[in-house]
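> Okay, predicted coordinates and the sequence, questions at the end:
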Amino acid sequence: MTTIPPQGHTEASVDGRPVRVLVVDDETNLTELLSMALRYEGWEIRTATDGAGAVREVRGFRPDAVVLDMVLPDMDGLSVLHLMRREQPDTPVLFLTEKDAAADRVAGLTAGGDEYVSKPFSLEEVVARLRGLIRRAGAGRRSTSVLTVGDLVLDEDSHEVSRGGTDIHLTATEFELLRYLMRNPRRVLSKAQILDRVWSYDFGGQANVVELYISYLRRKIDRGREPMIHTRRGAGYLIKPAELPAAVPAGRH
């Protein structure tokens, strides 16, 4: 498996709450990794280790999407899917299947599953597939594609950026770096995390590219304004709303 994707902005379901995802697998290490990765996306996560527990969670938790292993201790994934559909007929399901289990994938999709990934898989792939399922199912209809930190606004759909109402033109890489920072306001992000997320490769002596692009962003975002992008020496970078100058008390000059 690859590294856990860093935290994204919180999506909202149609009723304004965070998206709920149920993860069903009897491999404890796997469910913990998946849960951590999905929580980093800002989603609310519950887990179950068998089919009966999954059905109970569906009934009480009312998830917006389900990650479901095809092989569970008490019943197979298709049986679980059938029981879950009685409770929530439209909830999208992402099946986890074994690498060579083509028959399981066909059976799962035929029975009403929406997507599948084969083990071993990358956590990024699971997150991406779930995002697609949630959007198609409408659970994310009210989620905003506009990120706002202070007076800085980034539209993820149009790729438009502005600060204080002034448009800012960014390159594609600058945009991805700023989006990652803005999805994690006030959170220190290490150079290794930024490399993995924005450039999609492991940290290995390439920290200078992060420093370079941070400097590019500062020129476009912060020049002539109160700074929003900050360095924490030895730790990384963060973005936060600009601190307004302290007001001068009345009668003082």
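Looks like it came in fine.

> C-alpha from now on. contacts and neighbour counts both.
Noted.

> what pairs with Leu68 across the strands?
Counting by DSSP bridges, Leu68 is bridged to Val24, Phe95.

> and it, what is it in contact with?
Val23, Val24, Asp25, Gly77, Val93, Leu94, Phe95, Leu96 (C-alpha atoms under 8 Å, 6 or more residues apart in numbering).

> Output those as TSV; include the columns pLDDT.
Shown next, in TSV, are the contacts of Leu68 (pLDDT from 0 to 100):
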residue	pLDDT
Val23	95
Val24	95
Asp25	94
Gly77	84
Val93	87
Leu94	88
Phe95	86
Leu96	86
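
> model confidence over stretch 116-124, on average?
Averaging pLDDT along stretch 116-124 yields 81.

> Which pLDDT value goes with Leu109?
49.

> try Thr3
You'll see Thr3 listed with a pLDDT of 39.

> all helices for the stretch 51-200 of the chain, in order.
51-61, 77-87, 102-110, 123-137, 172-183, 191-194 (DSSP state H, counting those that start in this stretch).

> low-scoring stretches of the stretch 1-150 of the chain, by residue?
Low-confidence segments of the stretch 1-150 of the chain, defined by pLDDT under 70, span residues 1-17, 99-114, 138-144.

> contacts for stretch 18-26?
10-13, 31, 34-35, 42-51, 54, 57-58, 61-69, 72-73, 139-140.

> From the chain's centroid, how far away is it?
From the chain centre to the centre of stretch 18-26 is a distance of 14 Å (C-alpha atoms, centre = their mean, to the nearest Å).

> right, and Arg39 touches Leu33 too?
No: Arg39 sits out of contact with Leu33 when judged by C-alpha atoms under 8 Å, with a separation of 10.0 Å.

> Please say which of these two ends up with more neighbours.
The neighbour comparison of Arg39 against Leu33 (other C-alpha atoms under 10 Å) goes to Arg39, with 19 against 15.

> Need the helices of the stretch 51-200 of the chain in CSV (columns: mean neighbour count and distance to Val161).
Below are the helices of the stretch 51-200 of the chain laid out as CSV (neighbours: other C-alpha atoms under 10 Å; distance: least, C-alpha to C-alpha, whole Å):
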stretch, mean neighbour count, distance to Val161
helix 51-61, 18, 37
helix 77-87, 19, 42
helix 102-110, 15, 40
helix 123-137, 17, 23
helix 172-183, 19, 8
helix 191-194, 20, 20
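
> which residues does Ile239 form a beta bridge with?
Under the criterion used (DSSP bridges), Ile239 bridges to Ile229.

> before we move on, the earlier item: filter the contacts of stretch 18-26 down to the buried ones, PyMOL style.
Remark: buried members of the contacts of stretch 18-26, expressed as a PyMOL selection using 16 or more other C-alpha atoms under 10 Å:
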select buried, resi 10+11+12+13+31+34+35+42+43+44+45+46+47+48+49+50+51+54+57+58+61+62+63+64+65+66+67+68+69+72+139+140
